[in-house]
Each structure stands twice: as structure tokens, then as C-alpha cells.
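Student: structure for the following, please:
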Amino acid sequence: MSASALEQGEDAFRKIFRLYRKKNPPADLSGVLEFRSGESRLRSAELRVNAVSDQDAGRVGLQPLGFLFIVNPFLPGWQHRWVRQCLKLYPRKPNVCNLDLHMSLESGRDLWDHSHAQLRKKSPRRRSEKTLLEKLRWVTLGFHYNWDTKKYYREHQSPFPVDLAELSRCVSLACGFPNFRAEAGILNYYHMDSSLGIHVDESELDHGSPLLSFSFGQSSIFLLGGLSRDVAPTPMLMHSGDIMVMSGASRLLYHAVPRILHYPGGGVLPPCLSVPPSNDGPNALIEPCAAADWEVCQAYLQSSRINMTVRRVLAEGGSFPEEDADTQHEAAMRGHGYHTENNETQEATQAHGYHREQ
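Tutor: Numbers count the residues shown, from 1 in each chain. Next up is the predicted model:
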């Protein structure tokens, strides 16, 4: 079914979003770019960190611009470690999550401890009673994004994880951005009926730095549009381990995730996650994922996808606009709230956030 056959009176992006959001009958995916299948419309290139020195590039005014898609660059066993960080460590305080207003202080200290035993015992067919981890929708790191005001505030922050900052630094350096600094992170936790509404990431005060996006677990359809919603987006499949870099001209493009898909091929998990975690790398920044921890992560990922986006909030030498201290405090407190919304009609009220199916 083509986008032209859809209902009239909508912008081009919304038409494509609805097309791939449909379940009955499901949309034809033959038009979705698949970066791992030898797609004839794509040309792959290897990133070479040291191919051009910063000095040489600067002399001719070059900097890589645009949208970059990196097919799973992780070594075997390393996705396991990052998934474990997203489920076990990053939801801990002082980081902020959607469950903060709905849990006791004791429960909020460690979602993993309150969920791992139950998740380990669950079979894929018995999912009626959800654990706290399965109710987790988003976590914010560093400068905490305020869902109500769509702003960051100087006073509302916690230390950014050292390991994720280093991963982001290495990826941005390999892509030609030596000055990237990880200052804010939004982690979205998707399930099979989830979507992410059409939006632009414009809340950061620095649009010159790239936005990094890391995906783990089940696959998704990602739509990348233009500077207005009148531009029909390009659909592409994003699998576990894939990284997207939105920089330069692509930094302020409309984008969305209309659908989460089980990894193609019939397996419960993609091959990179269906093997036991690796225990190599004794000098690694983060410790290996223990087998007991991976058992919990594996159960979670059978019907879930995790996405980490990392941003730089302030430009070099920049600062937050001056605001009344009481206003900042009030906005920061509202920022802890969790918003449940209708994907189709209220997406604008929580542009970055996790959207749950009705």
C-alpha cells in the first residue's frame, strides 16, 4: 500500500508514519532501507579515524556533515554490557525516570533489585504482571530534560556516566567531531506496541554538535524526514547495535519511530545478543556482563528495544539563559513527572518521550 492511498488532509510525514504504524493489515516493508542486505541504493564506506588529521581538515574548512548510519560496530559480547548498564545501573538515583512519582523512595533506589528475580522466572507467554523494569519508559542522564517545558536547566543535573561519555567521545571522534562533549542523555525503553512521535530535537542550546543514537534489542522502523513535515520521510530499519549520528544539515530534521519489530529471521533475539556474554577485556571501562545478569537482560529484550541518545546541551563557552531561581526549581520538580499520552493526537506535548499504544 502506498502513501498516496492514505487519507487526505495530512502532512507527508504523518502519512508515512501512519502507513508503517498500521498493523491490520501490516505495511509492506519492501520500501524500507535495510543497511545489512546489500541494498543497491546504498554505498557503504569504512570510517577511518586517522585518515585526515584535524589540522589538515581545518586548513580547508572541512567537517563531516549530515546523517551517518553505522551498522553494529560493537565487538562480540559488548552489546551485552551496554544493555546491562541501561537496565541495571543507569535507572539508579540520582538519575531521573518516569517512575519517580509512582514509587516509594526505597523502590526507586534500585529497579533492578525489585525486578530481576521475577523477570528471570517469567516465560514469554506469561507477561500479565509487569515488573518495575517493564514499566520503565525513560531515564534522563546529565542535564535532565524537562518534559513539560521541553528545556534543560542548569540546576537540574546529575553526573553524566563516565562509561557512556567515553563511548560517545570515541564514536563522535571517529565521525570527525573531536570536540563533542556528552552532557545529556535520554534513554527510551520500547515494547512491541510502542512508538516515538514525529519531532525535532531542538531543545539543546547547541545545534552544532551531533546527536548520537544507540539501539539495542528488537528492531525498529526509523523515519528520517526534512526540515518541514511536508517532506516525505525515508524509512529505514535499525537493528541491535546500530548507531545513528545526526549532525550538520540533518541535526534538525523531523524524525520518528512508528513501529517496533521482532528481529527478522524468526529468532527471539538477534544473533549478536543470542550468545552468552563475553568475559574478555580485563582493562575495559565497564566490567563484563555476568551470566546471571544476562539472563535477566535476555528475558527483558525478548519483547523490548532500548535506545540511548546522547547530546551536547551547551555550545563551547555557552551558558544557560538567566531565569528566576523559583521558576527553575518549579520547572525542575515538574520535570520528574511521567506523561501517559495518546500517540496520534498528543505527540507534540512530549516530543522526545516514549509513547504508549492505547
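
Student: helices along this protein, start to end?
Tutor: Counting by DSSP state H, the chain has helices at residues 12-21, 54-59, 78-84, 105-109, 111-121, 132-135, 162-174, 271-274, 291-301, 325-334.

Student: for residue 300, give its distance to residue 79.
Tutor: Distance from residue 300 to residue 79, counting by C-beta to C-beta, to the nearest Å: 13 Å. Any C-beta I mention is one placed from the backbone N, CA and C, and that applies to glycine too.

Student: one more: residue 310?
Tutor: Residue 310 sits 16 Å away from residue 79, going by C-beta to C-beta.

Student: could you pull out the strands for the stretch 1-150 of the chain?
Tutor: Along the stretch 1-150 of the chain, counting by DSSP state E, counting those that start in this stretch, strands occupy 66-70, 96-97, 138-142.

Student: export those to CSV and append columns for distance to residue 158.
Tutor: Listed next are the strands of the stretch 1-150 of the chain as CSV, based on distance: least, C-beta to C-beta, whole Å:
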stretch, distance to residue 158
strand 66-70, 28
strand 96-97, 8
strand 138-142, 7
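
Student: dump the ones you listed into CSV; add distance to residue 220, mean pLDDT and mean neighbour count as well.
Tutor: Formatted as CSV, the strands of the stretch 1-150 of the chain follow (distance: least, C-beta to C-beta, whole Å; pLDDT from 0 to 100; neighbours: other C-beta atoms under 10 Å):
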stretch, distance to residue 220, mean pLDDT, mean neighbour count
strand 66-70, 13, 88, 17
strand 96-97, 21, 94, 22
strand 138-142, 16, 97, 24
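
Student: between those strands, which gets nearest to residue 252?
Tutor: strand 66-70 (11.5 Å; C-beta to C-beta).

Student: low-scoring stretches of the chain, by residue?
Tutor: Low-confidence segments of the chain (pLDDT under 70): 1-9, 37-65, 104-109, 122-128, 266, 279-282, 323-358.

Student: pick out the residue nearest the middle of it.
Tutor: residue 307 (2.8 Å; C-alpha atoms, centre = their mean).

Student: for it, which residues are in contact?
Tutor: Residue 307 makes contact with 187, 188, 190, 213, 214, 215, 216, according to C-beta atoms under 8 Å, 6 or more residues apart in numbering.

Student: follow-up on the earlier one: indicate which one of the strands of the stretch 1-150 of the chain is closest to residue 149.
Tutor: strand 138-142 (13.4 Å).

Student: residue 298 - nearest residue in space that isn't next to it in sequence?
Tutor: Distance criterion C-beta to C-beta, 6 or more residues apart in numbering; nearest residue to residue 298, sequence neighbours excluded, is residue 269 at 6.7 Å.

Student: count of residues packed around the one you found?
Tutor: Using other C-beta atoms under 10 Å, residue 269 has 17 neighbouring residues.

Student: which residues touch it?
Tutor: Per C-beta under 8 Å, 6+ apart, neighbours of residue 269: 217, 240, 263, 298, 301, 302.

Student: look up the closest residue to residue 183, ignoring the ones flanking it.
Tutor: Spatial nearest neighbour of residue 183, excluding adjacent residues (C-beta to C-beta, 6+ apart): residue 313 at 4.5 Å.

Student: that neighbour touches residue 143, doesn't it?
Tutor: Yes - at 5.0 Å, residue 313 and residue 143 qualify as touching, with contact defined as C-beta atoms under 8 Å.

Student: what's the spacing between residue 94 and residue 236?
Tutor: Distance of residue 94 to residue 236, computed by C-beta to C-beta: 35 Å.

Student: who's more crowded, those two?
Tutor: Counted by other C-beta under 10 Å, residue 94 and residue 236 do not tie: residue 236 has more neighbours, with 20 against 9.

Student: which strand residues bridge residue 307?
Tutor: Judged by DSSP bridges, the bridge partners of residue 307 are residue 188, residue 215.

Student: distance of it relative to residue 212?
Tutor: Residue 307 is 11 Å from residue 212, by C-beta to C-beta.

Student: what do you get for residue 261?
Tutor: The gap separating residue 261 from residue 212 is 22 Å, by C-beta to C-beta.

Student: ok, now residue 300?
Tutor: Taken as C-beta to C-beta, the span from residue 300 to residue 212 is 23 Å.

Student: show me which of these two is the more surrounded one.
Tutor: Shown here are residue 300 and residue 212; by other C-beta under 10 Å, residue 212 has more neighbours (28 against 24).

Student: burial measure for the residue lying closest to the more buried one once chain neighbours are set aside, as a count.
Tutor: Nearest residue to residue 212, sequence neighbours excluded (C-beta to C-beta, 6+ apart): residue 310, at 4.5 Å. Residues lying near residue 310 (other C-beta under 10 Å) number 28.

Student: ok, now the one 3 residues further on?
Tutor: If you count neighbours by other C-beta under 10 Å, residue 313 ends up with 22.

Student: so what's it up against?
Tutor: Residue 313 touches 142, 143, 152, 183, 184, 204, 205, 206, counting by C-beta under 8 Å, 6+ apart.
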